[in-house]
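S.K.: coordinates only, sequence not included:
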């Protein structure tokens, strides 16, 4: 069975999260993704977390399932090899993704002289091309001041803008390749991390709320904005999140806890209409006050049984250790996951794409490549270099094998 | 000039964030996206934030640039119309995205009887098909316990899993359509919100860290994990985020603040190697202690001038009001944004796609449709219904115009 994107080949010159995630997303759907790595690895090759031997769990996780060609890109001969590889003929090839400064030999107009229909996607920090990273973009998003329960800004831990940018990269490369396959035209595609942030906060209405209503979202702790949602402590020291957005979910919560009647008293008491999401949001503290003892008096297991039986929308908080140890979705019972041995790092549960395509089997996740492990094969197969020539380049330090 | 995805048509039967964002992402690249809305709107049609008139800024922001056909889907005749629309012939058509239960008339195998090569992407909550939303998935991710500075869980405010799922949907639909255009085969694609979360925390190494090193990430406030990054207060009551991941960024920070020599004393004092990211992370509190008075003694404007001139990687925190009012990237000077009049809601700065394609102009953002505003045109153009028949259906309440 051929994988979904089997005849697609993307060259990646990248570091950190967004661009590698973009390439990996396509690799997980069956595209061939070839990293051009500097000899010894790029600046993110030792990024934390590391294992005890100092190998990067981070790098391996973001580059799994790719191939690596190691080339000294400061060397003119190395640049020439990279250029030839990026411009190698073939439908579905001639695609480059990078988040590094695309100057000199990697300038789009220069590369395009070697392949007229080249598709090149460049990720920048700001729309003007200046530098920015997730953490310097996020502070401008407004979200840290709306997170937590106090006026102090709270940074996110997940690099959200990198994640979203990586997925925009996958979308953008597929859209550009669709255009090329129909029109013959390649193009440069530019995406900035700041624009990903700005588009996203605007798409969710955070900015329009200010423009239209004159006020921005305030921090409300772990409550859900505009509907009912709250976190509760359980008798056995766990925490859970309960959500009731729809009328059905709200009714289910009251019924499962046996508190429907007492909850209904909140309507007249708080002078709100509890049959609306907005009414439930306005009365959320009173609702939580009624519910709290119910959760505090029960263990997580008891709560799970009752809420699941009653069709309540809820979830248990887990730290990373609990997620790994206790969540049945984090296991090989979930067809997305496989146990993969990552050389130099260890064996861990490794996801394929969360997208499950009915027509093709899910691409099995592989480990990240050893730097340069595909140098020989790729230079031979794509550029027609003979073993003698490849050995000369390695000897000279232009490539490593 | 024809838009990028001009001959692609996606039918959307959706509510809330992820599926609408998936459709909108493709609409922003030029695809035609037709929502099939229940008469009166779906359950998210009044979702907060609202404007003063009670219209949803949220719904408008997530459905801009789409068309709306309003059909009573509880009605057999309405289901028949929806089925015919989803299965309408034409290359680039026959694509459905939904996050609603795909049962009865909307079951994939049923729909497929009308169009053999149908592509249907269904978003579910959990991989087993059970319900979950961003807030009940996020609590299980481990991230709330690693966010903030204390042991209490902190929920994110941005519905990250919805955002990522929406972008996976765009990628998945393009990948499936590429496959169909080459093989003729349609397929069902399934994506769960929980799998998006699980794949993402695994792709970033949060889970492998536990599996390999036996311990999970702990909350470290607004500091950056594994490198140097910290937030500082300014003399004029603002806050900024400073980041030094690479050696170059670290050197620039010391040089711009004139504190290189004092920062260098931290190495021997803390017995760490400040030339490594890990060393700077280990010594981060000492580094911040040295830097803090420098920032506390300067205004944001002074800091901006010095750090920008020195090539330091940094950003200013903004709340949503400051983002809207002060950030030059949030303006029509940024080609991603246009001022758009959203009927019933108001005029606000509206983003197109953050992806800028060189070969085609950026699709101008439009407003969200009025419910049913495309009913007549779509039923006529796609299904060949005459005005008389459409009037009969409207009269009967099967559709609204």
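M.R.: Ah, there it is. What you see is a predicted model; the values in this text were computed from it and never measured.

S.K.: With adjacent residues omitted, what lies nearest to residue A:373?
M.R.: residue A:68 (5.7 Å; C-beta to C-beta, 6 or more residues apart in numbering or on different chains). To be clear about C-beta, it is placed using only N, CA and C from the backbone, and glycine gets the same treatment.

S.K.: Need the pLDDT of that neighbour.
M.R.: At residue A:68, the model reports a pLDDT of 98.

S.K.: same deal with the one 10 residues further on?
M.R.: Residue A:78 carries a pLDDT value of 98.

S.K.: and if you look at residue A:2?
M.R.: 83.

S.K.: what do you get for residue A:6?
M.R.: On the pLDDT scale, residue A:6 gets 87.

S.K.: Can you verify my assumption that it contacts residue A:30?
M.R.: Yes. Using C-beta atoms under 8 Å, residue A:6 is in contact with residue A:30, at 5.1 Å.

S.K.: okay, these two: which has more neighbours?
M.R.: Higher neighbour count among residue A:6 and residue A:30: residue A:30, with 23 against 17, using other C-beta atoms under 10 Å in any protein chain shown.

S.K.: what about that one, is that helix, strand or coil?
M.R.: Secondary structure for residue A:30, judged by DSSP: H, G, I helix; E, B strand; the rest coil, is coil.

S.K.: Please name the nearest non-neighbouring residue to it.
M.R.: residue A:3 (2.5 Å).

S.K.: count of residues packed around the one you found?
M.R.: Other residues lying near residue A:3 total 20 when counted by other C-beta under 10 Å.

S.K.: cool, and the one 5 residues further on?
M.R.: Using other C-beta under 10 Å, residue A:8 has 23 neighbouring residues.

S.K.: Ramachandran coordinates for the closest residue to it other than its chain neighbours?
M.R.: In space, residue A:8 comes closest to residue A:31 once its chain neighbours are excluded; the distance is 4.1 Å by C-beta to C-beta, 6+ apart. For residue A:31, the backbone dihedrals (degrees, to the nearest 10) come out as phi -70, psi 150.

S.K.: Could I get the contacting residues of residue A:31?
M.R.: Contacts for residue A:31 (C-beta atoms under 8 Å, 6 or more residues apart in numbering or on different chains) come out as A:5-6, A:8-10.

S.K.: any idea which of those residues is closest to chain B?
M.R.: residue A:5 (6.1 Å; C-beta to the nearest C-beta).

S.K.: wait, doesn't that closest one sit right on residue B:175?
M.R.: Yes. Residue A:5 is within contact range of residue B:175, at 6.1 Å (criterion: C-beta under 8 Å).

S.K.: May I have the secondary structure class of the spatially closest residue to residue A:173 that is not a sequence neighbour?
M.R.: Computed as C-beta to C-beta, 6+ apart, the closest residue to residue A:173 that is not its neighbour in sequence is residue A:121, at 5.7 Å. Following three-state DSSP, residue A:121 is assigned to strand.

S.K.: contacting residues for residue A:121?
M.R.: With C-beta under 8 Å, 6+ apart, residue A:121 has these contacts: A:22, A:95-98, A:169, A:172-173, A:176, A:188-191.

S.K.: Same check on residue A:336?
M.R.: Counting by C-beta under 8 Å, 6+ apart, residue A:336 has contacts A:351-354, A:356, A:362, B:127, B:195, B:198-199.

S.K.: now do 7 Å
M.R.: A:351-352, A:354, B:195, B:198-199 (C-beta atoms under 7 Å, 6 or more residues apart in numbering or on different chains).

S.K.: Could you identify the most distant pair in those residues?
M.R.: A:352 and B:198 (11.1 Å; C-beta to C-beta).

S.K.: So those two - more neighbours on which side?
M.R.: Taking neighbours as other C-beta under 10 Å, residue A:352 and residue B:198 compare with residue B:198 leading, 27 against 24.

S.K.: Tell me the spacing between that one and residue A:263.
M.R.: 33 Å (C-beta to C-beta, to the nearest Å).

S.K.: pLDDT at the closest residue to chain B within the stretch 1-150 of chain A, what is it?
M.R.: Of all residues in the stretch 1-150 of chain A, residue A:48 sits closest to chain B, at 2.7 Å by C-beta to the nearest C-beta. For residue A:48, the model assigns a pLDDT of 96.

S.K.: who's in contact with the residue nearest to it when sequence neighbours are not counted?
M.R.: Of all residues not flanking residue A:48 in the chain, residue B:226 sits nearest, at 2.7 Å (C-beta to C-beta, 6+ apart). The neighbourhood of residue B:226, defined by C-beta under 7 Å, 6+ apart, consists of A:47-49, B:277-278, B:281.

S.K.: Switch those over to JSON lines; also include secondary structure and neighbour count.
M.R.: What follows is the contacts of residue B:226, written out as JSON lines (DSSP: H, G, I helix; E, B strand; the rest coil; neighbours: other C-beta atoms under 10 Å in any protein chain shown):
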{"residue": "A:47", "secondary structure": "coil", "neighbour count": "23"}
{"residue": "A:48", "secondary structure": "coil", "neighbour count": "18"}
{"residue": "A:49", "secondary structure": "coil", "neighbour count": "21"}
{"residue": "B:277", "secondary structure": "helix", "neighbour count": "22"}
{"residue": "B:278", "secondary structure": "helix", "neighbour count": "16"}
{"residue": "B:281", "secondary structure": "helix", "neighbour count": "19"}
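
S.K.: Can you list which of the contacts of residue A:336 are found in helices?
M.R.: B:195, B:198-199 (DSSP state H).

S.K.: Closest to residue B:334 out of those residues?
M.R.: Nearest member of the ones in helices among the contacts of residue A:336 to residue B:334, counting by C-beta to C-beta, is residue B:199, at 31.3 Å.

S.K.: Excluding chain neighbours, what is closest to that closest one?
M.R.: Using C-beta to C-beta, 6+ apart, the nearest residue to residue B:199 is residue A:351, at 4.1 Å.

S.K.: Kindly confirm whether my reading is correct that that neighbour touches residue A:337.
M.R.: Yes. Taking contacts as C-beta atoms under 7 Å, residue A:351 lies within contact range of residue A:337: 5.6 Å.

S.K.: To what extent is the spatially closest residue to residue A:320 that is not a sequence neighbour buried, counted in neighbours?
M.R.: Sequence neighbours aside, residue B:216 is the residue nearest to residue A:320 in space, at 3.0 Å (criterion: C-beta to C-beta, 6+ apart). Residues contacting residue B:216 under the criterion other C-beta under 10 Å number 20.

S.K.: can you check residue A:394 too?
M.R.: The burial count for residue A:394: 18, using other C-beta under 10 Å.

S.K.: Which pLDDT does the model give residue A:170?
M.R.: Residue A:170 is given a pLDDT of 98.

S.K.: Just to be sure, it is in a helix?
M.R.: Yes. Under three-state DSSP, residue A:170 falls within a helix.

S.K.: which one is it nearest to, not counting chain neighbours?
M.R.: Counting by C-beta to C-beta, 6+ apart, the residue nearest residue A:170 is residue A:25, at 4.0 Å.

S.K.: and that neighbour, what does it touch?
M.R.: Residue A:25 touches A:166-167, A:170, B:171, counting by C-beta under 7 Å, 6+ apart.
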